[in-house]
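Asker: sequence? don't have it. structure:
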């Protein structure tokens, strides 16, 4: 049996479109992951069709994201105003739309289904059964893990999601984990078959995110050349803990009031998740801490503008309570900027402690202030970490991720066909 590459892959991304700008709403690292791997698969001759829920009546049914990559907008529920927590009620409609799209094609149109996040996994499970092709699933986040590390005031993931994840784990032919830690969680917390779990680290766009002139980047952002710049990039929600950076900045100023003349704290991103309920919570926190004058809020940035943010910063902070990997950490390091991150989830893989940045074992603002000062206020040490950051980031690339995913597809297809042949043999013997 030849292990050929698939001809066409159906990628399922129910709750967020790869066309959306990461950093606000439900768009984040998963969007980047899908875009980067899909475009690279297409360059290798593998056609990719991404199914996502239509969120506007003005969206065309099909959009070409890149040559060989189509985004199909499936009508499922009201176009706007539908929270992610309400999407399970629309999975039947979404699944019907996916199956109808395949029914218009010749039999065997798709060779494999790759679902992202548990909602998509529910759809992929049914598509697998209908189309007779393997299901590869990437969770990106896991409810049981998130619930074990909730931020203060955050809402736990519902039991329905836990059950849904259990079902997808049981049905998928391959489970792709970002790190060995996540692979262990799939096996230990969800009872996944270890033989079906593959560890495939995400990558970073090493052509877009490169070291550059910090002074030029600061000029673009209107920042003083001699500023001490601390940056947070990502969705503004309790899970990502941007409040930890603000509280640490207040602690830094309490310890050294003279630093106020130079300190700039950049918060780049928009409200998401439970953060949508209080979209100005960080503005209010900055005011209550007495640091509103040093905090600058910017909307989500893409492309070269995001690279400028990383290059302009002395340190990028990733204080998340849970992070399956941490693409922001990799992007910042690829730009030559050290990262201070919480020692949770996949961040100890994304950040090499003491080499490309530093890890903090908790979320105590006093501890964060001490570590941020050690990096940001010690130029020689910061330069040492900056060199290590570039080297560490170069160990990861989307090409490697894509090659590993294609390998997972071919393995899953071979195992699926073998299992199907054995089942047919058993039926013949029974007859």
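Answerer: Perfect, I can see it now. What you are looking at is a predicted structure, and each value in this text was computed from that prediction instead of being measured. Numbering: from 1, shown residues only.

Asker: run a quick neighbour tally on residue 126.
Answerer: Burial of residue 126 is recorded as 18 neighbouring residues (other Cβ atoms under 10 Å). Heads up, the C-betas are built off the backbone N, CA and C, glycines and all.

Asker: please apply the same query to residue 242.
Answerer: 26.

Asker: what is the closest residue to it other than its chain neighbours paired to in the beta sheet?
Answerer: In this structure, residue 242 finds its nearest non-sequential neighbour in residue 232, 4.7 Å apart by Cβ to Cβ, 6 or more residues apart in numbering. Taking DSSP bridges as the rule, residue 232 bridges to residue 267.

Asker: residue 174 too?
Answerer: Beta-bridge partners, per DSSP bridges, of residue 174: residue 136.

Asker: so what's residue 428 scoring on pLDDT?
Answerer: Note on residue 428: pLDDT of 60.

Asker: residue 34: how many residues sit nearby?
Answerer: Quick note: residue 34 (other Cβ under 10 Å) scores 25 neighbours.

Asker: okay, it and residue 121: tell me how far apart.
Answerer: Residue 34 sits at a distance of 14 Å from residue 121 (criterion: Cβ to Cβ, to the nearest Å).

Asker: quote the end-to-end distance of stretch 186-199.
Answerer: End-to-end distance of stretch 186-199: 11 Å, with Cα to Cα, to the nearest Å as the criterion.

Asker: tell me the contacts of residue 4?
Answerer: residue 410 (Cβ atoms under 8 Å, 6 or more residues apart in numbering).

Asker: helix, strand or coil for the residue nearest to residue 57 when sequence neighbours are not counted?
Answerer: Closest residue in space to residue 57, ignoring its immediate chain neighbours: residue 79 at 5.4 Å, by Cβ to Cβ, 6+ apart. Taken by DSSP: H, G, I helix; E, B strand; the rest coil, the conformation at residue 79 corresponds to coil.

Asker: what do you get for residue 380?
Answerer: Going by three-state DSSP: residue 380 is helix.

Asker: run a quick neighbour tally on it.
Answerer: 7.

Asker: quick one: it and residue 151, what's the gap?
Answerer: From residue 380 to residue 151 the distance is 35 Å (Cβ to Cβ).

Asker: residue 296 now?
Answerer: Distance from residue 296 to residue 151, by Cβ to Cβ: 23 Å.

Asker: what do you get for residue 114?
Answerer: 30 Å.

Asker: those two: who's more crowded?
Answerer: residue 114 (31 against 20).

Asker: hang on, that one in a strand?
Answerer: Yes - the assignment for residue 114 by three-state DSSP puts it in a strand.

Asker: with adjacent residues omitted, what lies nearest to it?
Answerer: Using Cβ to Cβ, 6+ apart, the closest residue to residue 114 is residue 136 (4.7 Å).

Asker: surely that neighbour touches residue 408?
Answerer: Yes - under the criterion of Cβ atoms under 8 Å, residue 136 makes contact with residue 408 at 5.7 Å.

Asker: now for these two: what residues contact both?
Answerer: 174, 176.

Asker: those two: which is more packed in?
Answerer: Each of residue 136 and residue 408 has its neighbours counted (other Cβ under 10 Å); residue 136 has more, 28 against 22.

Asker: so who does the more buried one touch?
Answerer: 112-115, 172-176, 405, 408-409, 412.

Asker: repeat that for 7 Å
Answerer: Neighbouring residues of residue 136 by Cβ atoms under 7 Å, 6 or more residues apart in numbering: 112, 114, 172-174, 176, 408-409, 412.

Asker: distance check, it against residue 121.
Answerer: Taking Cβ to Cβ as the measure, residue 136 falls 10 Å from residue 121.

Asker: residues that sit against both of these two, list them.
Answerer: residue 172.

Asker: and the residue nearest to residue 31 when sequence neighbours are not counted, which helix or strand is it part of?
Answerer: Using Cβ to Cβ, 6+ apart and skipping the chain neighbours, the partner closest in space to residue 31 is residue 22 (4.9 Å). Counting by DSSP states H and E, residue 22 is held by no secondary-structure element, helix or strand.

Asker: again, but for the one 5 residues further on
Answerer: Taking DSSP H and E as the definition, one finds residue 27 inside no helix or strand.

Asker: any idea how many residues pack against it?
Answerer: 21.

Asker: so the residue lying closest to it once chain neighbours are set aside: helix, strand or coil?
Answerer: In space, and not counting its chain neighbours, residue 27 is closest to residue 20: 4.0 Å by Cβ to Cβ, 6+ apart. On the three-state scheme (three-state DSSP), residue 20 is labelled coil.

Asker: ok, residue 316 next?
Answerer: Residue 316 - assigned by three-state DSSP - is strand.

Asker: what about the closest residue to it other than its chain neighbours, distance to residue 210?
Answerer: Once flanking residues are discounted, residue 316 sits nearest to residue 332: 3.8 Å by Cβ to Cβ, 6+ apart. For residue 332, the distance to residue 210 (Cβ to Cβ) stands at 12 Å.

Asker: just the helices in the stretch 151-300 of the chain please.
Answerer: Remark: helices assigned in the stretch 151-300 of the chain by DSSP state H, counting those that start in this stretch are 159-171, 180-190, 214-221, 242-255, 281-289.

Asker: in contact with residue 82, which residues?
Answerer: Residue 82 neighbours (Cβ under 7 Å, 6+ apart): none.

Asker: repeat the analysis, applying 10 Å as the threshold.
Answerer: Contact analysis of residue 82 by Cβ atoms under 10 Å, 6 or more residues apart in numbering lists 15, 53, 55, 76, 89-90.

Asker: per-residue pLDDT of residue 258, please?
Answerer: 97.

Asker: over to residue 349?
Answerer: The predicted structure lists residue 349 with a pLDDT of 96.

Asker: tell me the contacts of it?
Answerer: 178-182, 199, 201-202, 325-326, 329-330, 395-396.

Asker: just the buried ones from those residues, in PyMOL syntax?
Answerer: Only the buried entries of the contacts of residue 349 go into this PyMOL selection, using 16 or more other Cβ atoms under 10 Å:
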select buried, resi 178+179+181+182+199+201+202+325+326+329+330+396
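
Asker: now the contacts of residue 349 as JSON lines including distance to residue 63 and pLDDT?
Answerer: Rendered in JSON lines, the data for the contacts of residue 349 read as follows (distance: Cβ to Cβ, whole Å; pLDDT from 0 to 100):
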{"residue": "178", "distance to residue 63": "27", "pLDDT": "96"}
{"residue": "179", "distance to residue 63": "32", "pLDDT": "95"}
{"residue": "180", "distance to residue 63": "36", "pLDDT": "95"}
{"residue": "181", "distance to residue 63": "35", "pLDDT": "94"}
{"residue": "182", "distance to residue 63": "31", "pLDDT": "96"}
{"residue": "199", "distance to residue 63": "32", "pLDDT": "97"}
{"residue": "201", "distance to residue 63": "29", "pLDDT": "95"}
{"residue": "202", "distance to residue 63": "24", "pLDDT": "96"}
{"residue": "325", "distance to residue 63": "27", "pLDDT": "90"}
{"residue": "326", "distance to residue 63": "29", "pLDDT": "91"}
{"residue": "329", "distance to residue 63": "30", "pLDDT": "97"}
{"residue": "330", "distance to residue 63": "27", "pLDDT": "97"}
{"residue": "395", "distance to residue 63": "33", "pLDDT": "96"}
{"residue": "396", "distance to residue 63": "28", "pLDDT": "96"}
